[in-house]
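K.L.:
Return a 3D structure for these sequence lines:
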Amino acid sequence: MITQTQLIIYLILTIIILVLIVKYLWKANSRLRFSKKSQSVKYGKAIENFIPFMESYPYDYHKFRFLGNPIDGIQFNEDEIIFMEFKGGNSQLSEKQRNIKELVNNRRVYWEEIRI
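P.N.:
Numbering: from 1, shown residues only. From the prediction side, this is the model:
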């Protein structure tokens, strides 16, 4: 027959084991989420190099120039210049990209020629 003391010890040990299991699973989940996000970023960086060559790209890819950072590139059309940023999935503009977009929208983009 199990005494009350033995039952309490058994319950305490069970709780300790469960806490350790939950802690391990939490860390494993965090590593998996980080790995998945890292893969998404790498995939996004790779695929953005091909977007201008896709059939669905609405402009002449010959007139697109890659920058890479802080925006993906610039499309030079005959009557306009377009700052381009390619995003996939749930990705959002970075703070720096939002600032660039705001500068363009507020017409704070200028031409400067420097001669040497």
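K.L.:
helix, strand or coil for Val109?
P.N.:
coil (DSSP: H, G, I helix; E, B strand; the rest coil).
K.L.:
pLDDT score assigned to the closest residue to it other than its chain neighbours?
P.N.:
Spatial nearest neighbour of Val109, excluding adjacent residues (C-beta to C-beta, 6 or more residues apart in numbering): Leu103 at 6.4 Å. Bear in mind the C-beta positions are built from the backbone N, C-alpha and C, glycine included. The model reports Leu103 with a pLDDT of 97.
K.L.:
which of the residues in the stretch of helix or strand Leu103 belongs to are buried?
P.N.:
Per DSSP states H and E, Leu103 falls inside helix 95-105. Neighbour-count burial for helix 95-105 flags Gln97, Ile100 (criterion: 16 or more other C-beta atoms under 10 Å).
K.L.:
Pull the distance from it to the chain's centre.
P.N.:
Mean C-alpha position of helix 95-105 versus that of the full chain (C-alpha atoms, centre = their mean, to the nearest Å) differs by 17 Å.
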